[in-house]
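**Q** Next one to model:
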Amino acid sequence: MVVLLIGCGVCGGLQAEPVQSHELTIPNFDPDSPACVIKFEGASPASLRLNLSCLPKSAPTGFENPAPGLKVQSIHGKNAKGHMSLIDDMQSPHADRTRELNFCLYGKRNNLCGSAKVPQLKDRISTIKEWIQRIELQDAD
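**A** Below you'll find the model as predicted:
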């Protein structure tokens, strides 16, 4: 995302800075399979409290046959498609409830999956979803 300053007479030498791109290598769950290499912009997965996993293409992700009542939606990275689910915590006191977010993007050789437990705040879920949509898998079709 690039911010454009227009008509700012008091801005002086301020210039918009481009969002920095990062690369991350996630070891594969199967040590004989290649790692997942991703490029992303903005926040780190750790700052989003997002756990990432790299699975071989043949490994089940849980989205093949989702549990009844599971909210599953399609999601897209920069160059890969996948699925995302949200599971609401209905057992905890209302003020302490969280949502479990799970996703997988399907690459050519691997599946990149992630999970996070987040407060039931729509803006937090939206932030993570926007981050996922900026992921670029380095092995995708």
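**Q** Report the buried residues of the helix or strand of the chain with the lowest mean pLDDT.
**A** Taking mean pLDDT, DSSP states H and E as the measure, the chain has helix 122-133 as its least confident helix or strand, at a mean of 87. By 16 or more other CB atoms under 10 Å, the buried positions in helix 122-133 come out as 124-125, 128, 131-132. C-beta coordinates here come from the backbone N, C-alpha and C atoms, glycine included.
**Q** Same question for stretch 92-109.
**A** 98-99, 101-107, 109.
**Q** just stretch 82-94 next, same as before
**A** Applying 16+ other CB under 10 Å to stretch 82-94 flags 82-87 as buried.
**Q** so who does residue 102 touch?
**A** Contact analysis of residue 102 by CB atoms under 8 Å, 6 or more residues apart in numbering lists 62, 84-85, 87, 113-115.
**Q** Please report how far it lies from residue 23.
**A** Per CB to CB, to the nearest Å, residue 102 is found 23 Å from residue 23.
**Q** Distance check, residue 104 against residue 85.
**A** Taking CB to CB, one finds residue 104 at 9 Å from residue 85.
**Q** scratch that, residue 123
**A** From residue 123 to residue 85 the distance is 19 Å (CB to CB).
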